[in-house]
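Asker: Compute the structure for the input listed below.
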Amino acid sequence: MYVHSVHFSSLRFSLVEAPTGTVSAKMHSGVIDARVGRRLRLAREARGFTQKQLATAVGLAFQNIQKYETGDVRISAGRLYQFAQTLRAPLSYFYSDLQDPVTTSVDIDLCFELARLSGQRQRAMREFLKLSENHAMALSEIAGCLNQRRS
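Answerer: Predicted structure coming up:
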């Protein structure tokens, strides 16, 4: 098991996950380019950007975004950094579905969900994360009861 601390949109939390496979050293670069492109599409959609909006934000034509997302064109390191900044995603997100022997992926989709929370809910999450384990468990039970009553 690995414990990962994640800092995203000023939210701090830890995820625990078991190691899953590793990427073969012989994996073709075209496959990796396609996976990074797919993650670009997922991040763009999660942030509510159209291809045209993202292209405009980084100074490209939307056709370039299409080519990046399909993996037809490799994304340079500088361009990937620009996408990460624009989409407010950690660089590791674009490689998170690629396992290597040194690191394991983190559920970045959870990070996006946390980032979408309203300001009030983000504040509540920050306070929740400061609680001791016992208090966090008790509050979680209370929230569960409230949700059941609402149903």
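
Asker: in a helix, that's where Leu42 is, yeah?
Answerer: Yes. Remark: Leu42 belongs to a helix, assigned using DSSP: H, G, I helix; E, B strand; the rest coil.

Asker: And it, how far from Gln63?
Answerer: 20 Å (Cβ to Cβ, to the nearest Å). Bear in mind the C-beta positions are built from the backbone N, C-alpha and C, glycine included.

Asker: higher neighbour count, those two?
Answerer: Neighbour totals were compared for Leu42 and Gln63, and Leu42 leads with 19 against 12 (other Cβ atoms under 10 Å).

Asker: just the helices in this structure please.
Answerer: According to DSSP state H, the chain carries its helices in the segments 29-46, 51-58, 62-70, 77-87, 108-115, 119-130, 133-150.

Asker: Confirm for me that Gln66 is in contact with Leu54.
Answerer: No. Here Gln66 does not reach Leu54: they are 10.6 Å apart, not a contact under Cβ atoms under 8 Å.

Asker: Pull the number of nearby residues for Phe112.
Answerer: Phe112 has 20 nearby residues by other Cβ under 10 Å.

Asker: Nearest residue to it in space, ignoring adjacent ones along the chain?
Answerer: Nearest residue to Phe112, sequence neighbours excluded (Cβ to Cβ, 6 or more residues apart in numbering): Ala46, at 4.6 Å.

Asker: got it, and Lys52?
Answerer: Once flanking residues are discounted, Lys52 sits nearest to Phe62: 4.4 Å by Cβ to Cβ, 6+ apart.

Asker: show me what contacts that neighbour?
Answerer: Thr50, Gln51, Lys52, Leu54, Ala55 (Cβ atoms under 8 Å, 6 or more residues apart in numbering).

Asker: From Thr50, how far out is it?
Answerer: Taken as Cβ to Cβ, the span from Phe62 to Thr50 is 8 Å.

Asker: Sketch out the low-pLDDT regions of this structure for me.
Answerer: Along the chain, segments meeting pLDDT under 70 span 1-28, 99-111, 151.

Asker: how about 80 then?
Answerer: Low-confidence segments of the chain, defined by pLDDT under 80, span residues 1-30, 97-116, 118, 129, 149-151.

Asker: Pipe the helices of the chain into TSV and attach distance to Ser96 per row.
Answerer: Below are these laid out as TSV (distance: least, Cβ to Cβ, whole Å):
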stretch	distance to Ser96
helix 29-46	7
helix 51-58	19
helix 62-70	16
helix 77-87	12
helix 108-115	5
helix 119-130	21
helix 133-150	26
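
Asker: Fine by me, thanks again.
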